[in-house]
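Novice: Any chance you can model this:
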Amino acid sequence: MEWIRPGTNVDFMRAARFWVPFSTGLAVVSLGVILVVGFDAGIDFKGGTKVIAEFRVSAGVDRDEIKKVVDDLVTRQTGLTGTQVEVQDFDVGAGGAEDTVKFQVFTELPSLLTPLKKMEMAREIERRFGRGTAVETPYEAGDKFYVRLPVAWPLDAARHEMSQVFGAAGHASIAMTSDKEEQVLTDLYREKDLLLGAKDDEVRAEALRVEEEARKKIAALRDDRFTVEVQAVKDQVTDALRARFGDAFVDVLSTASVSPSVGKELFQTGMLALLYAIIGILIYIALRFDVKFAPGAIACLVHDVLLVLAFIIVADIKFTLPIIAALLALIGYDINDTIVVYDRIRENLQKGRGGDLLKTINLSINETLSRTVLTSLTTGIVLVAIVLLGGGTVQDFAMVLFLGIILGTYSSIFVASPLTIYLNRMMQKRAAARA
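Specialist: Numbering: from 1, shown residues only. The predicted structure is shown next:
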C-alpha cells in the first residue's frame, strides 16, 4: 500500500545539518535532567498497599470517585497531601461477576497508622505484658508489629491479651501468629503436599493424621515471639467507602502490602531487563551490520531512550512497571525502524543505485517513507485513543510509547543516517591517507 507517490525525492540529508546538532543538544540536556532531577518512583517501586473493593454494578461507581474517597482518607489519617493513589478495574470480561464489579486501589503508603499512633500502641503492649517486652514497628512493615515477650505465653492467652490491647485502640480485628506456629504450619504444608500427591489411599489418609497432629501441637505451643497485623487499612477504607457509597459498596475483599525493600528489588530487576534488552540489541546490530552502519543504530537507540526518560521526568509521570514495559516496546520499535531503512540502503548499494552514499541514503529513505508513515500512523492512532480514553498507568504507558514512535521515526532519518554518512567519509579519508 503506497500512501506516498513513488518517485518522491525529498532531500532529507540536507536538513540533517540542522537536526543533528539539535538532537545532540537535546540528548545532552536530557541526560542532565535524568542525573540531576531523577525519577519519581511509583507504587511498584516505592512499596505501598493494594486494596480490592467490590461494588454493585447497578450503582455505576466511577474510578475517579473511589480515588477521591481514598485520597481524602489518606490526607485525613496521615496529614499528607499529594500521595499517589491509583484505581484500576480488577475483573473484566468473562472473569467478572454479573451483578458486582471489583476495583483494585493502590496507595503508596504501606500503612494508615501514623508513627505516633504506632508508638502509642507499642507502649501499651509493653505495659500489658510487663518489663522486658520489646515491640518493633518498622515503616516498611506497614500495619505489622513484631513483639517479643519476656516469657513464653500459650498462644490462645497471648492472642486474647493482644486483642484487648488493640481493641481498646479501636482495632477490633487483628491477625496474630507466633514464630513457632509458623514453623509448624510450614512443615505441615510441606509434608501434606507430598502425601496428597500419592495415589495410594492409605498414604492420603496419613495426610489427615499429620494435619491433626500438627493442630494438637499448635494448641500446646508456648512462644515469646509474635507478629501482629492490624487490619487498619481494610477497616478504614471499608468505613470510608461505605460512608460515601452506602449500599452501592459491597465489601473490601482483601488487602496486601508491598514493602519498600521489595519495591527496590523490583526496580533493580526492571532496570536489568532494560539493560539486557539493550545489550542484546547491540550484539544483534554488531553481527548484522558493519562498522559503517552499527554506530548510527546505537546512537539512534541511546538518543530516543534518553529523550523519553527526560520526558517522563518533566511530565511528572510515575516510573512504574508499565513504563518499563513501554520502554522495552520502544526499544524494539526503534531499532526495527532503523533496520528497515538500513536494509534498503544496503540493497541499493549492492544494486549500484543512487550514486554516492548520500544520494543512496536519500533514495532509500524516500522508498521506505510510505511504509514508515503508514506504520507510525496506524500505531499512533491506537495510542492516541488510549491516551484520550484510558486512565492511570495505561494512559502513561500510551503517552510514553507514542512519543517513542515519533522519536523512532525521526531518529532513523535524522540521527542514524547522517552518522552513517559521517563515518563513511571518515573511513574514506583514512583509506586515502593510507594510500
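Novice: Residue 24 and residue 414, how far apart?
Specialist: 11 Å (C-beta to C-beta, to the nearest Å). Heads up, the C-betas are built off the backbone N, CA and C, glycines and all.
Novice: So between these two, which is more surrounded?
Specialist: Counted by other C-beta atoms under 10 Å, residue 24 and residue 414 do not tie: residue 414 has more neighbours, with 23 against 13.
Novice: Please tell me I have it right and that one contacts residue 21.
Specialist: No - contact between residue 414 and residue 21 fails when scored by C-beta atoms under 8 Å: they sit 10.8 Å apart.
Novice: Only alpha carbons, please: show the helix or strand bottoming out on mean pLDDT in the chain as PDB.
Specialist: Each helix and strand of the chain was given a mean pLDDT (mean pLDDT, DSSP states H and E); the minimum falls on helix 43-46 at a mean of 73. This file holds the C-alpha atoms of helix 43-46, laid out as PDB (Å, rounded to 0.1, in the frame of the first residue of the first chain):
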ATOM      1  CA  ILE A  43       3.900   2.300  43.900                       C
ATOM      2  CA  ASP A  44       5.500  -0.600  42.100                       C
ATOM      3  CA  PHE A  45       9.000   0.600  43.300                       C
ATOM      4  CA  LYS A  46       8.200   2.600  46.400                       C
END
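Novice: can you list contacts of it?
Specialist: 84, 86, 106-108, 258, 260, 263-264, 266-267, 270, 318-321 (C-beta atoms under 8 Å, 6 or more residues apart in numbering).
Novice: Can you say which of those residues are buried?
Specialist: Neighbour counting with 16 or more other C-beta atoms under 10 Å marks 84, 86, 106-108, 258, 260, 263, 266-267, 270, 318-321 as buried within those.
Novice: now, among those residues, which is nearest to residue 10?
Specialist: Among the buried ones among the contacts of helix 43-46, residue 319 lies closest to residue 10 (C-beta to C-beta), at 37.7 Å.
Novice: any idea what sits nearest that closest one, other than its immediate chain neighbours?
Specialist: Nearest residue to residue 319, sequence neighbours excluded (C-beta to C-beta, 6 or more residues apart in numbering): residue 39, at 4.1 Å.
Novice: Contact partners for the residue most central in space within the chain?
Specialist: What sits nearest the mean C-alpha location of the chain, by C-alpha atoms, centre = their mean, is residue 321, with 1.7 Å. Counting by C-beta under 8 Å, 6+ apart, residue 321 makes contact with 44, 266, 270.
Novice: Next, format those residues as a markdown table and append distance to residue 76.
Specialist: A markdown table is the format used below for the contacts of residue 321 (distance: C-beta to C-beta, whole Å):
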| residue | distance to residue 76 |
| --- | --- |
| 44 | 25 |
| 266 | 29 |
| 270 | 33 |
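Novice: Of the residues you listed, which is the nearest to residue 326?
Specialist: Among the contacts of residue 321, and counting by C-beta to C-beta, the member closest to residue 326 is residue 270, at 11.5 Å.
Novice: Now do the SS call for that closest one.
Specialist: Under DSSP: H, G, I helix; E, B strand; the rest coil, residue 270 falls in the helix class.
Novice: Name the nearest residue to it, sequence neighbours excluded.
Specialist: Nearest non-adjacent residue to residue 270 (C-beta to C-beta, 6+ apart): residue 324, at 4.3 Å.
Novice: just checking, that neighbour touches residue 273?
Specialist: Yes - counting by C-beta under 8 Å, residue 324 does reach residue 273; the two are 6.6 Å apart.
Novice: neighbour count winner among these two?
Specialist: Between residue 324 and residue 273, counting by other C-beta under 10 Å, residue 324 is the more crowded of the two (22 against 15).
Novice: and the more buried one, how far is that from residue 133?
Specialist: According to C-beta to C-beta, residue 324 stands 44 Å off from residue 133.
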